[in-house]
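Q: Sequence first, then the predicted structure, then my questions.
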Amino acid sequence: MKKIILLFTLFIFSKTVCQNDFKHTTDGLNPKFVVVEIDSLNASQIYLKTIDWIKETYKNPDEVIKAKFENEKIRFDGFQENVLSTKMLGVTSYLDVRYSIEISFKEGKFKFEPIKLEEYTKPSQSIAGGWGSIPLNVGSWIYKRNGKVKGIFKSYPKQIEDVFNNLKTSLEIYLLKQNNTIKDKKDDW
């Protein structure tokens, strides 16, 4: 139930507050990065609170964080289960994804940049399976020449967008909430 409420909150927040969202097109994921303004915080505060967000969001934050440059940038990897769905011969399969993201910091803003996305295919009789790269700067493998999405990948563009938009929005909500710009009802007990 908590996940449903969180997803609903993220959806509503992303439609009202976040104007810079990622879109997946024939050119791939656009824009290449999104800058989010948090006017009330300086670069150091955003950096430290982003580390706190990673610690609260991921099970093993020390393993997730791959690089830290104090007050400048953080690079981290993440994993989500059952994100991408494909449908073949009436059977829907769900694939796990892992990603790399770099977040850079300046006064009153952060830059959220997806670096890498991979999908996991389970081994079967016809394929070896394993992790395969999903190119972020090319979308032609998902789309037909007329610009429509290929049937097997029908859900991919929205699902790829959601992976990165939901993470960006989650971080933005966390930063605003930590700065008391957004009040949490649990705080009023």
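A: On my side now, so go ahead. Residues are numbered from 1 along each chain as shown.
Q: quick one: the helices in this structure?
A: Under the criterion DSSP state H, helices of the chain are mapped to 2-16, 43-57, 61-64, 156-178.
Q: tell me the average confidence for the third one?
A: Summarised as a single mean, pLDDT over helix 61-64 is 94.
Q: Okay, the most centrally placed residue in the chain and Thr121: tell me how far apart.
A: Using C-alpha atoms, centre = their mean, the residue of the chain that lies closest to the mean C-alpha position is Phe164, 2.2 Å off. With distances taken as C-beta to C-beta, to the nearest Å, Phe164 is found 21 Å from Thr121. (Each C-beta comes from the backbone N, C-alpha and C, glycine too.)
Q: how about stretch 145-153: buried residues?
A: When neighbours are counted by 16 or more other C-beta atoms under 10 Å, the buried residues of stretch 145-153 are found to be 149, 153.
Q: Output that stretch as PDB, restricted to C-alpha atoms.
A: Extracted C-alpha coordinates of stretch 145-153, given in PDB (Å, rounded to 0.1, in the frame of the first residue of the first chain):
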ATOM      1  CA  ARG A 145      10.700   3.900 -39.700                       C
ATOM      2  CA  ASN A 146       7.300   5.600 -39.500                       C
ATOM      3  CA  GLY A 147       8.100   6.600 -35.900                       C
ATOM      4  CA  LYS A 148       5.700   4.100 -34.200                       C
ATOM      5  CA  VAL A 149       6.900   1.700 -31.500                       C
ATOM      6  CA  LYS A 150       7.500  -1.900 -32.600                       C
ATOM      7  CA  GLY A 151       4.900  -4.200 -31.100                       C
ATOM      8  CA  ILE A 152       7.200  -6.200 -28.900                       C
ATOM      9  CA  PHE A 153       8.600  -3.000 -27.400                       C
END
